[in-house]
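Peer 1: how would this look folded up:
(2 chains)
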Amino acid sequence: MDLIHNLAIGFSTAFQLTNLVYAFIGCLLGTLIGVLPGLGPLATIAMLLPITYALTPEAALIMLAGIYYGAQYGGSTTAIVVNLPGESSSVVTTIDGYQMAKQGRAGVALSTAAIGSFFAGTVATLAVAALAQPLAATALLFGPKEFFSLMILGLVVASVLSSGPFIEGIGMVVLGMLLSLIGTDINSGTQRFAFGIPQLFDGIDFVPLAMGIFGFAEIVRNLEPHGDISLVTQKIRNLFPTREDFRRMMPAIFRGTALGTMLGVLPGGGAVLSSFASYTLEKKLSKHPEQFGKGAIEGVAGPESANNAGAQTSFIPLLTLGIPSNVVMALMVGAMTIHNIQPGPQVMTKNPPLFWGLIVSMWIGNLMLVILNLPLVGLWVKLLSIPYRYLFPAIMVFCSIGVFSINNGTFEVYEAALFCIFGYMLMKLDLPAAPLLLGLVLGPAIEENFRRAMVLSRGDSTVFLTSPLSGGLLAAAAVAVVLITLPAIRSKREEALKE
Amino acid sequence: MKNVTSRLTIRDRRAFVSGAFFLTVAVFFYAVALGYAPGTTARMGPGYFPRLLSIVLAAIGLFVMAGAMRPTAEMQRLRAWDLKGLLWVTGSVMLFAFLLYPLGFVISLFVLIMVSSKASPEFTLKGALANAAVLIVLCVGVFVYGLGLKFPVWPTLFN
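Peer 2: Numbers count the residues shown, from 1 in each chain, chains lettered A, B, ... in the order given. Okay, here's the model as predicted:
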């Protein structure tokens, strides 16, 4: 079996001592930032990205991936114990998780989340391993027009799934693509939009942009006066679910895992979408929908499994097609480029230890997280008592150092400060930043493939629609747009009918 | 529909400004892109794709602005900015960048932490000083000695 052989390569890479250590560091950091509200995996990965120069590519990617899925665990811990979602993907967990905690069942809720997450992590790891090869093989058949259409599909779906009106999401994608044009045009050597500033010749780096928006601007927003958050910590007593609990949570875990695995692969999908979808599904399927919101164990089991599965399978498009499906994956592209790895189908063939090592390390990481989380819950919750006025200067320090170390220069630091103002403006206008970053990351590849496809077709732009594969991808994008506009029409009509 | 006035009004100010923002950026990029050769569809020059994107963004901007004036649009105001917080946060980062080369890592970190701490309404001098001390020791230990990043640690004036 090929799969077993490949997994064996993965195990031998992932079990090297340094890689184990970095997987552990990643999981630990991920849990830490998952617990702390106001600091997400995005800012953390952006912060640590430049520092991974010193590591081997395997260790770097293993650690960064650990931060991402580790944050899902940490986020759910605080969601359950103190009703504070550390991550947006655990927002729904607060609904029933905190209610369980209030009923003195915090321990059970935590173990449910851990069991669900671990199960989902295992299945998702296998899904990544099984799907990677066929998908990568398909990708090798792709020409410029297919890649162009695939990326358009990805960006459209990502905007469909982002918050706020779809059209504004698309606007942000296009804006991101325009920003990506800044710098040297590889075909002609022309400096575009650089205005003679030599630091812009290589284009706008996405780390200062991500840091400005998700690090600094986020801090400004968190500092704005808002409602008091009261921390009521419940004593954690019994960790073990009863037999009845198991009977109720297992189907939810299975469904959550399946849903998350599928939604994670979608562009723009990932952990957040999966958890919300799973909660809705569980509530619809339940025989006791009235218990939801009052401590239904399914409301914890489903979303917690789904967010973990989604976090992991969102690596599939990145590793096989070279297309990041969400902003964290866009940062992973950056991490790979730092180590001179071109993300895409060739990673698997050119660098099997890296590819399979990363996949297997995700499973090992999930195991570490269960061990790390359940016994240490008390410690994580204590971290929440650090006041934000001490925490945010620390975040600022780490972000500034991270940005500086991209090029050992202060230009990027100034850039990040300006993007902070820009990011704050976006927040005030409710414009989603995630599509912007995806546009920025995918922009150059889209232009390149567009131009190549046009050269090959001698300027015939209908080729995107007439070629079956490319046409199918664009049709899928069109369907996504229609689907998002339909309910809008419907709800508007309902509004009209009310009057 | 009885009370629809003939004059168009901006109902959703948030969306209107968002659309205007898209339009402004698009016009700017288009104007600059006019300086780059467009080439033909079969052999695109550096100016082709930027112009295309600018036109798309301008169209989106106009669409969003028009949407904000529809009689069915939700009434929304612009949200107020916390200028003080924004100023302390961005200012401290810029100061850090500005001071790093002449004064070194330790002093510029100190300035960054003290100035940014002012952004919090719960600022206390003692707390900020203690936080600065802990963070500076941690950062010098981890980044300079641990990871070996090339920072000028002390003021370069003395070297």
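
Peer 1: contacts, neighbours, all on C-alpha from now
Peer 2: Will do.

Peer 1: Could you point out which residue ranges in chain B have low pLDDT?
Peer 2: Along chain B, the parts satisfying pLDDT under 70 run over B:1-7, B:157-159.

Peer 1: Do you know the pLDDT at residue A:468?
Peer 2: We have a pLDDT of 87 for residue A:468.

Peer 1: who are the neighbours in contact with the residue of chain A found nearest chain B?
Peer 2: For chain A and chain B, the shortest gap (Cα to the nearest Cα) falls at residue A:459, measuring 3.7 Å. Each residue near residue A:459 by Cα atoms under 8 Å, 6 or more residues apart in numbering or on different chains is listed here: B:40-43.

Peer 1: swap in residue A:109?
Peer 2: Residues in contact with residue A:109 (Cα under 8 Å, 6+ apart) are A:80, A:97, A:100-101, A:297, A:300.

Peer 1: So which of these belong to helices?
Peer 2: Among the contacts of residue A:109, the residues falling in helices (DSSP state H) are A:80, A:97, A:100-101, A:300.

Peer 1: which two in these are spaced the farthest apart?
Peer 2: Across those, no pair lies farther apart than A:101 and A:300, at 11.4 Å, counting by Cα to Cα.

Peer 1: who's more crowded, these two?
Peer 2: Between residue A:101 and residue A:300, counted using other Cα atoms under 10 Å in any protein chain shown, residue A:300 has the larger neighbour count: 35 against 25.

Peer 1: Where does pLDDT dip in the stretch 301-450 of chain A?
Peer 2: Using pLDDT under 70, nothing in the stretch 301-450 of chain A is flagged.

Peer 1: How about the stretch 101-250 of chain A?
Peer 2: A:161-163, A:226-238.

Peer 1: where does it come near chain B, residue by residue?
Peer 2: Along the stretch 101-250 of chain A, the residues adjacent to chain B under the rule Cα under 8 Å from any Cα of the partner chain are A:167-168, A:171, A:174-175, A:177-178, A:181, A:185, A:187-188, A:190, A:192-193, A:216-217, A:220, A:223-224.

Peer 1: Let's see which of those residues end up in helices.
Peer 2: Counting by DSSP H, those place A:167-168, A:171, A:174-175, A:177-178, A:220, A:223 in helices.

Peer 1: Can you tell me which of those residues are buried?
Peer 2: Neighbour counting over these (16 or more other Cα atoms under 10 Å in any protein chain shown) leaves A:167-168, A:171, A:174-175, A:177-178, A:220, A:223 as the buried ones.

Peer 1: Name the nearest of these relative to residue A:430.
Peer 2: Within these, proximity to residue A:430 (Cα to Cα) peaks at residue A:168, which comes in at 9.3 Å.

Peer 1: quick one: the closest one and residue B:64 touch, right?
Peer 2: Yes: between residue A:168 and residue B:64 a contact is recorded at 7.4 Å, counting by Cα atoms under 8 Å.

Peer 1: Quick check: neighbours shared by these two?
Peer 2: If you check residue A:168 and residue B:64 against Cα under 8 Å, 6+ apart, no residue is contacted by both.

Peer 1: Kindly indicate whether the residue of chain B found nearest chain A is helix, strand or coil.
Peer 2: Closest residue of chain B to chain A, Cα to the nearest Cα: residue B:42 (3.7 Å). The assignment at residue B:42 comes out as coil when based on DSSP: H, G, I helix; E, B strand; the rest coil.

Peer 1: what residues are up against it?
Peer 2: By Cα under 8 Å, 6+ apart, the contact list for residue B:42 reads A:451, A:454-460.

Peer 1: For residue B:101, see how far away the residue positioned nearest the centre of chain B is.
Peer 2: Central residue of chain B (Cα atoms, centre = their mean): residue B:90, 9.2 Å from the mean position. Plainly put, residue B:90 is 18 Å away from residue B:101 if you go by Cα to Cα, to the nearest Å.

Peer 1: And for residue B:142?
Peer 2: For residue B:142 relative to residue B:101 (Cα to Cα), the value is 20 Å.

Peer 1: Counting neighbours around each, name which of the two comes out higher.
Peer 2: Higher neighbour count among residue B:142 and residue B:101: residue B:101, with 19 against 13, using other Cα under 10 Å.

Peer 1: can you give me how far the lengthiest helix in chain B is from the chain middle?
Peer 2: Determined from DSSP H, the single longest helix within chain B is helix B:83-117. Distance of helix B:83-117 from the chain centroid (Cα atoms, centre = their mean, to the nearest Å) equals 17 Å.

Peer 1: elements contacting it?
Peer 2: The contact analysis (3 or more Cα pairs under 8 Å, 6 or more residues apart in numbering or on different chains; DSSP states H and E) places helix B:83-117 against helix A:218-223, helix A:388-407, helix A:411-428, helix B:125-139.

Peer 1: Do a quick rundown of the strands in chain A.
Peer 2: Under the criterion DSSP state E, chain A contains strands at A:183-184, A:191-192.

Peer 1: Return the distance of the top helix by length along chain A from the chain's centre.
Peer 2: Longest helix in chain A by number of residues (criterion: DSSP H): helix A:106-140. Put simply, helix A:106-140 sits 14 Å off its chain's centre (Cα atoms, centre = their mean).

Peer 1: By neighbour count, which bits of it are buried? Give me those.
Peer 2: Neighbour count says helix A:106-140 has A:106-129, A:132-133, A:135-136, A:139 buried, by 16+ other Cα under 10 Å.

Peer 1: and what of stretch B:10-30?
Peer 2: By 16+ other Cα under 10 Å, the buried positions in stretch B:10-30 come out as B:10-27, B:29-30.
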